[in-house]
Structure formats: C-alpha cells, structure tokens
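Novice: Here you go, sequence then predicted model.
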Amino acid sequence: MKILVTGGAGYIGSHTVLSLLNNGYEVVVYDNLCNSSEVSLQRVQQLAGNTVEFVQGDIQDKSALTALFKQYPIDAVIHFAALKAVGESTQLPLAYYQNNVHGTLCLLEAMQVANVHQFIFSSSATVYGEENAVPYVETMTLGTPSSPYGASKVMVERVMADVALANAQFKGVSLRYFNPIGAHPSGQIGEDPKGIPNNLLPYVAQVAVGKRDKLNIFGGDYPTADGSCERDYLHVMDLADGHVAALDWLIKNEQFTGVEAFNLGTGTPVSVFAIVNAFEQATGKTIAYDVAPRRAGDLPAFWADANKAKIQLNWHASRTLQQMMEDTWNWQSNNPNGFDS
Ligand code: NAD
Ligand code: WQD
C-alpha cells in the first residue's frame, strides 16, 4: 500500500511517516517545507531503516499534484499540510484560508481525477468551538472557532461531508487532535517551531535549555482546580499510531463510504501548572515562570471523550505524561536549535 502524506516533513507528519513505515506501508511525502526541514525525513529513514519518496511541492499547485498522482500509484492520502498558528491566522486570514481550504480543494480535486478516494484529514479539537460542553464528543454539532485557523478546519470538514454526498466511493476520516506534545524517544525527530513558540511545551523546553528566560503562564484565574487552563495533552507517537489505526480501519472496512470523525486524545485534562510540575519532575530542570494575563481566545478547559476511537479503531493514547516530558526534553536537549543543530 502506497500512502501519500502531505505535510509529512512537519512535526506530526514526520512521526506518522515513521509509524507508517514501521507498519509496512510505503510512503510518498509531499511538502513545500514552509514550516519544516527535509532533515526530519532523513532522520525518519534512518530510524525506520527504510526509504521515503520525497517530492517538494505545494498543495495549491494543481499541475504538480496531477503529475504526482500520475507518477505514484497512491492508495490513500493523509493530509497534514496546513498553516497552524492560531494567532498568526487572525493577522493573515486570507493566507490561512488560501493554504488550508483552497489547498485542500486542490488536493481533493487531484484525488478525484486520479480515482483515489481514501482520505484522512488532520482536524482539530478547535472545531468544537466555544459552544459545546466538555468533554467533546464526535456527535456534537461543529462550533464556531474564534480564529481563521479553526474556521479553516471546520470548512474542510464541511467540504469532506459534501464530497462524500456527491461521490459514493469517498472514504473520509477526520481526526480531531487534542494537544499533541513530546517526540520520538530516540530524540532524533521532534517539534521544531520557527521563532518564538506559540505552544506550551516547546516554550517550556526552550526555557529549560536556556533559550528563553521564563515561561508566561497565560491566566491563573480560570475557573479550574488550580486557576490555569486545562488541556488534553497526548504523546505525538500515540497520535502517529492513531493515524495507522485509522488507515487500517479504512482499508479493512471495505463497505464503508462517507466521512467518520474521531477524537484523538487521552480523555484526561491537565493544567498548565501540572505540565510545568511534570516537566520539572521528569527532567530535574527548574522552569522559571510568571503568571501573566489570559491569552485572547483561550478556553478554560477542554478534553476529549476518547471512547469512539477506542471502540472502533482499537486505539488509545497509552504513553504517560512522564514519557511525554522525558521525550520532549530528550529531543530539545539533543537538538537545542531543532533540525539546524
Ligand atoms: P507542521 O507545521 O509541523 O507541519 C505542517 C507541514 O505542512 C509542514 O511540513 C509544512 O511545511 C507543510 N505545508 C504547509 N503548507 C503547505 C502547502 N501549501 N503545501 C505543502 N506543504 C505544506 O504542523 P503539525 O503540528 O505537524 O500539524 C500537522 C497538521 O495537524 C496540520 O494540519 C495542523 O493544522 C494539524 N493539527 C496540529 C495540531 C498541533 O497542536 N500541532 C493540533 C491539531 C491539528
Ligand atoms: C496550551 C495551554 C495556554 C503557551 C492550540 C490550538 C489548537 C491546536 C493545539 C491546532 C493554554 C497555555 C501556552 C505559553 C501558556 N492546534 N500557554 N504559556 O491553545 O490549547 O491549542 O494548539 O489545531 O487548535 O489552539 O495549545 O500549547 O498554545 O496552549 O500558559 O507560553 O498553555 O494558555 O492554556 P492550545 P497551546
């Protein structure tokens, strides 16, 4: 089976490519490297002892996509390629809709022409918006996320539903990730944000390695047990394995057509203070922090109802918070400047 992985050089993509190779899949990665380095794929190949075909290109380049599907007999597509910075998306909404929505339309069109109908999409917990109560469950109506980034994910889920109505062969899976953190235990691949990290764990890791003075904890007055926000953090290797489980499920369920959504999370909320504590415990490093004002757009707490993936995909997030912290630190301390180290 040959799987096209768009955005496969990125953080979640590279870990997923490794899991795919380790599970006997052949992989073609298509990535424009706008937020990643090809070094990630070299490392993935070393870890897997296997090769990956890499094609550099943009998902908005229709002729390149057409050529790609002509060159490779693709069985299924896992679509990670997207811009993902929530704050940036409020400044550059057109770029986000262009890349994430228009880019996905180009990809789906190229798939249709090539008669490829199996599609796994990187969605996000953000699609539940502010309206839904926690824990989030897949049967809920999609909400209205506060950022263009979040809205782009809702739009693509809508597009997938309409494509499935029009194309009786379409087999779509939308994987709604909660908060992926950590790295492969080898320390060879991990999250390599450009500039100042937006997300919590990369920031904590950069404080630990001495690249940032201290962490700002955004808000200590939320209506949660310790006053900081709670999220559902899952190990990126569990998330990677979740993609393999979804792909296995799609392939095994020959009769299935349409679109199915799955939450990929642990089902357990963890606070920002608890993350800082867990990181300090697991690494022996002290994290200097200030409690700062709330960050615009943050919800107090959200986590997954993780039962559907457990029952239908036979997948659950098994790695512990301690492993997430150890693996984050192993990656960061061995690669203080990411793939440029
Ligand atoms: P990432 O930025 O590390 O990976 C995205 C990859 O897509 C990068 O390699 C980038 O170069 C590539 N890319 C972007 N636009 C492209 C284009 N037009 N053509 C070709 N390649 C392009 O991000 P990630 O954290 O690995 O996220 C992967 C996917 O998961 C994204 O769709 C993201 O929205 C989604 N997601 C991420 C999180 C998270 O917390 N990291 C949570 C929920 C959903
Ligand atoms: C986690 C918690 C912050 C940084 C985002 C997207 C979501 C998904 C995952 C893609 C929050 C706090 C953070 C810092 C802090 N991405 N924090 N100091 O906001 O839950 O989710 O990434 O789909 O769509 O919105 O993740 O890692 O940014 O924040 O106190 O320097 O850490 O306030 O409570 P978030 P995050």
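Specialist: Everything's here; your move. Ligands and ions are numbered 1, 2, ... in the order given.
Novice: does any part of stretch 193-209 sit near ligand 2?
Specialist: Yes: counting by C-beta under 6 Å from any ligand atom, ligand 2 is contacted by stretch 193-209 at 198-200, 203. All C-beta atoms are positioned from the backbone trio N, CA, C, and that covers glycine.
Novice: So how do I select the buried members of the residues you listed in PyMOL?
Specialist: Buried members of the residues of stretch 193-209 next to ligand 2, defined by 16 or more other C-beta atoms under 10 Å, are picked up in PyMOL with:
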select buried, resi 199+200+203
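Novice: Kindly indicate which of the residues of stretch 193-209 next to ligand 2 lies nearest Glu191.
Specialist: Nearest to Glu191 among these: Asn199, at 7.7 Å, using C-beta to C-beta.
Novice: show me the contacts for the closest residue to Ala306 other than its chain neighbours.
Specialist: Leaving aside its chain neighbours, Ala306 sits nearest to Gly267 (3.8 Å; criterion: C-beta to C-beta, 6 or more residues apart in numbering). Residues in contact with Gly267 (C-beta atoms under 8 Å, 6 or more residues apart in numbering) are 135, 232, 303-307.
Novice: which of those residues are buried?
Specialist: Applying 16+ other C-beta under 10 Å to the contacts of Gly267 flags 135, 232, 303-306 as buried.
Novice: from those residues, which is closest to ligand 1?
Specialist: For the buried ones among the contacts of Gly267, the minimum distance to ligand 1 (C-beta to the nearest ligand atom) is 10.9 Å, reached by Asp232.
Novice: pLDDT value on that closest one, please?
Specialist: Here, the pLDDT recorded for Asp232 equals 99.
Novice: Mind splitting the chain into its structural domains?
Specialist: Following automatic domain parsing, one finds the domains of the chain at 2-181+233-264, 200-231+267-301+319-340.
Novice: Most tightly packed of the ones you listed?
Specialist: domain 2-181+233-264 (a mean of 20; mean count of other C-beta atoms under 10 Å).
Novice: what's the straight distance from one end of that one to the other?
Specialist: Domain 2-181+233-264 has an end-to-end distance of 24 Å (criterion: C-alpha to C-alpha, to the nearest Å).
Novice: How about stretch 289-296?
Specialist: One end of stretch 289-296 to the other measures 19 Å (C-alpha to C-alpha).
Novice: Now do that stretch: everything it contacts.
Specialist: 207, 214-222, 276.
Novice: Return the subset of the residues you listed lying in strands.
Specialist: Residues of those located in strands (DSSP state E): 215-218.
Novice: Out of the residues you listed, which comes closest to Ser122?
Specialist: Top of the list for closeness to Ser122, among the ones in strands among the contacts of stretch 289-296 and by C-beta to C-beta, is Phe218 at 24.6 Å.
Novice: Give me the pLDDT value at the closest residue to the closest one other than its chain neighbours.
Specialist: Here the nearest residue to Phe218 in space, its sequence neighbours aside, is Arg295; by C-beta to C-beta, 6+ apart that works out to 3.9 Å. Looking at Arg295, its pLDDT reads 97.
Novice: hmm, back to that, next, give me the two most distant ones among the contacts of Gly267.
Specialist: Going by C-beta to C-beta, the pair spanning those furthest: Asp232 and Asn307, at 13.4 Å.
Novice: Provide a list of residues in contact with the residue in the stretch 201-341 of the chain positioned nearest to ligand 2.
Specialist: Nearest residue of the stretch 201-341 of the chain to ligand 2, counting by C-beta to the nearest ligand atom: Cys229, 2.9 Å away. Contacts for Cys229 (C-beta under 8 Å, 6+ apart) come out as 218-219, 222, 271-272, 298-301.
Novice: quick revisit: among the contacts of Gly267, name the ones in strands.
Specialist: Using DSSP E, no member of the contacts of Gly267 falls within strands.
Novice: Give me the spatial nearest neighbour of Leu239, chain neighbours excluded.
Specialist: Pro180 (4.8 Å).
Novice: same check, this time on Asn314
Specialist: Closest residue in space to Asn314, ignoring its immediate chain neighbours: Ala245 at 6.4 Å, by C-beta to C-beta, 6+ apart.
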